[in-house]
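A.B. asks: structure, please.
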Amino acid sequence: MNELNQNLRLLRPLWRGLPIVALCLALALALAHQYLRYATPLYESSAEIKLAEVNEGPINTNLIKTSDAFAPFNKAVAEVVLLKSELLVGRALLSLPFAVSTYRVGEIRKTEMYTESPFLVTITQQNGQWDDELFKLKIAPNGRLLLTTPAGGVVWGRLGQPMKLPGAMVTIAPNQPLLKTRPGLQLADRYEFVHHSPAKLMSDVLDRLDVTSVEKDVAVIRVSYRSPVPEKAADLVNALTDVYMVDYLENKYKVVNASVDVIDQQLRAVSASLSHAEDTVQGYRDQKRIVNIGQETETDLHKISELKIQRANLYMSLAAANDLYRYMQSGKKDILQLAPTFGAFNDQLSNDIVKKMKDLQADRRDLLLRFRPQDEKIVAIDGKLVDLNNYLLESIKNTRNALTIKYNELGRAIGQAQHGFVGLPTREKNLAILERDFQLNEKLYILLHEKKTEAEIAKAAPTSSHRIISRGNAAGEAVAPNHALVMAVAGFLGLLGGTLLVYLIAGLRGTPGDTYAVQKESSLPLATSLPHLESPGQQLAFFRQLAIRLELKGLLAIGSKVLVSSFTGGEGQTFFFEHLRVALAAQAKKVRAIHIENAGSLNPDALATELLLVHNVPLTADSLSLAVMAGATVNLVLVDSRTTPLHRLRELEQLVAEYQLPNVQLCLNRAGYRPGLLARLWQRPARQTAWAAAADTAHAGALAAA
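C.D. replies: Down below sits the predicted model:
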């Protein structure tokens, strides 16, 4: 609830100041209306250009492509910058009559005529001193001219006749084509004209020119221009788009022609390099006897692999033969005890010898059963066994020698085959380098042939890939100023200014509006607060209740001196004093009321049997009031919610602290009274009459007391 009251308290100044806010709003809307009445309207005309897509054109004739992955490519942005360049705008202005601006001067404002000008101005200057200067022209009905220069000089002349100025010649001739089509067009009038310098004209056009991309991902550009003359805006955007298309075609043909010449030169150079690369590759193959390095290398590696396998097999057979030979050689004295392995000799002859030796060995065992070892039969068998063993041993030796010879031969064959790989990486590297040069020249030759074909096709295509999809038209309605927007902004500013003014006035006044503000600004106690009392009946009833409340608070005790003070006397001091006196008298109390008007006035002390009620001198009128307050029992200081500044409360606190004034309490007059502006203006005469009546009453009471 406190927060709601605080918010309402903040809004109360605005509520009271609604007439001021309404007045500020009305003034703002009136000023906006006057501005719209006298402001020069601006008309906008727009044209749109559709840009060619990346893959659009005769079989995609992109003569130059970039390989930079980080290169920014935004064709629309580049074309926007090109359209706003001084190059294209300057070329467009050459075809438009923008060099001289003519105006018809009216009572309220002047209007640019452009093609509707009934006269034509020709200025021939030596040093451009009259550029961007405003000339005033008056044409009389008889054809006489009165030309006023920017420097204030006056030159008389006639239509069609040159007029001499310092450093220039000016000729003003009738616009015959326009006058023929519009016979009723008035020529005699007041005019103004300006001859624009190229730099100033370019600056003005660029300021009003707007070139934007319709959307981020759509290759469409909108060209817009604003001008006080609708036809002027349309002519500029159409001329600029036409110049852009012509410039695009010119650059296209220029690039294509230059590309064809450059490509022809490069083709001749690349053709010579390609022929040299072909001859170099052929000579190197002939010199090194190279047919196909890869195929030859694979064949030689397969051959070496087979030879190594054969050598490995021979090596195993030779190892077995060596082991058998050593075994047979170490045990030839005891042949009958040997049991050699013949896994490596599985031919028929070896098998027969071994079988025959086993048969002789068996026959020998049989004969030993009947004969002695010295018997000639057994000796004969032993000889045969020795012969067979020697034969077998010699056979093994010869086989081992044959295997050794074959093994060595295979080693030499492998070495010869491996010798062919010596220098192979170098040959491969050199051949790869030569073939790479040849392939690069071949690819470049093919690419240049393709680009030459594309360039010739593009050269033969006489059309542009860009298209004007919308032409500029003369606008029927002005785009600026926006009446609704101007009025809305003016209304908003009026409301804002009125609100700020209301709160500024409330802040400058800084009066305590209610008891909350008094208690917030001052630490002095608040004895009572008086509402706004209009009728005498309300006043009498309220002060009777007030007298009772003050008595209950101990402020109206018998024998005390109650002093009623105020800062200026206009805070309701007399009203409060007189009505309190009447209310106390109605309670049959013994009350003595006196007025302190100056230093000569009596200032007695209160008797023990009476209540002394004193009307003090205003605090700002005489320092006597402080002396009177120092001798009082109770000091009631009147504060008005509408007229007493807040800083008075702080001043009163300083006085109380400095002079040790006793029992000072505040009384708020017209608490919460917040009349509107109209009510205050209406009540001011009545209030002045009431104040005069109250003053007369107070004076009469004072005389009666005296």
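
A.B. asks: ok, Gly672 to Thr515 distance?
C.D. replies: Separation of Gly672 from Thr515 (Cβ to Cβ, to the nearest Å): 8 Å. No exception for glycine: its C-beta is placed from N, CA and C like everyone else's.

A.B. asks: please save the CA atoms from stretch 165-180 in CSV.
C.D. replies: Listed in CSV are the C-alpha atoms of stretch 165-180, where the atom choice follows Å, rounded to 0.1, in the frame of the first residue of the first chain:
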residue,chain,number,x,y,z
LEU,A,165,28.6,39.9,-65.9
PRO,A,166,32.1,40.1,-64.4
GLY,A,167,33.9,37.1,-65.8
ALA,A,168,30.7,35.5,-67.4
MET,A,169,28.0,35.8,-70.0
VAL,A,170,24.4,34.9,-69.2
THR,A,171,21.8,34.2,-71.8
ILE,A,172,18.1,33.6,-70.8
ALA,A,173,16.0,32.4,-73.7
PRO,A,174,12.4,31.2,-73.9
ASN,A,175,11.8,27.5,-73.8
GLN,A,176,10.0,27.4,-77.1
PRO,A,177,9.3,23.6,-77.2
LEU,A,178,7.6,23.8,-73.8
LEU,A,179,5.7,27.1,-74.6
LYS,A,180,4.4,25.5,-77.8
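
A.B. asks: is Leu392 in contact with Met328, as I believe?
C.D. replies: Yes: here Leu392 lies in contact with Met328, judged by Cβ atoms under 8 Å, at a distance of 7.0 Å.

A.B. asks: who's more crowded, the two?
C.D. replies: Under the criterion of other Cβ atoms under 10 Å, the comparison of Leu392 against Met328 puts Leu392 first, with 23 against 20.

A.B. asks: assumed that one was part of a strand.
C.D. replies: No: going by DSSP: H, G, I helix; E, B strand; the rest coil, the assignment for Leu392 is helix, not a strand.

A.B. asks: now do the same contact list for it.
C.D. replies: If you count contacts by Cβ atoms under 8 Å, 6 or more residues apart in numbering, Leu392 has them with 328, 350, 353-354, 357.

A.B. asks: mind listing which of the residues you listed are in helices?
C.D. replies: Per DSSP state H, helices hold the following members of the contacts of Leu392: 328, 350, 353-354, 357.

A.B. asks: closest one of those residues to Ala319?
C.D. replies: Nearest to Ala319, judged by Cβ to Cβ, of those is Met328 at 15.1 Å.

A.B. asks: please verify my assumption that the closest one contacts Ser395.
C.D. replies: No: contact status for Met328 versus Ser395: not in contact, 10.0 Å apart, counting by Cβ under 8 Å.

A.B. asks: ok, Lys303 - contacts?
C.D. replies: Neighbours of Lys303 in contact, by Cβ under 8 Å, 6+ apart: Ala417.

A.B. asks: so where's the stretch 1-150 of the chain uncertain?
C.D. replies: Low-confidence segments of the stretch 1-150 of the chain, defined by pLDDT under 70, are located at 1-10, 12, 53-74.

A.B. asks: what ranges do the strands span in it?
C.D. replies: Secondary structure of the stretch 1-150 of the chain by DSSP state E, counting those that start in this stretch: the strands cover 43-50, 100-105, 110-112, 119-125, 134-139, 144-148.

A.B. asks: show me the domain layout of the chain.
C.D. replies: What the record gives for the chain is the domain set 2-39+481-507, 295-426, 514-705, from automatic domain parsing.

A.B. asks: how distant is the first one from the center of its chain?
C.D. replies: Mean-position distance between domain 2-39+481-507 and its chain equals 34 Å (Cα atoms, centre = their mean, to the nearest Å).
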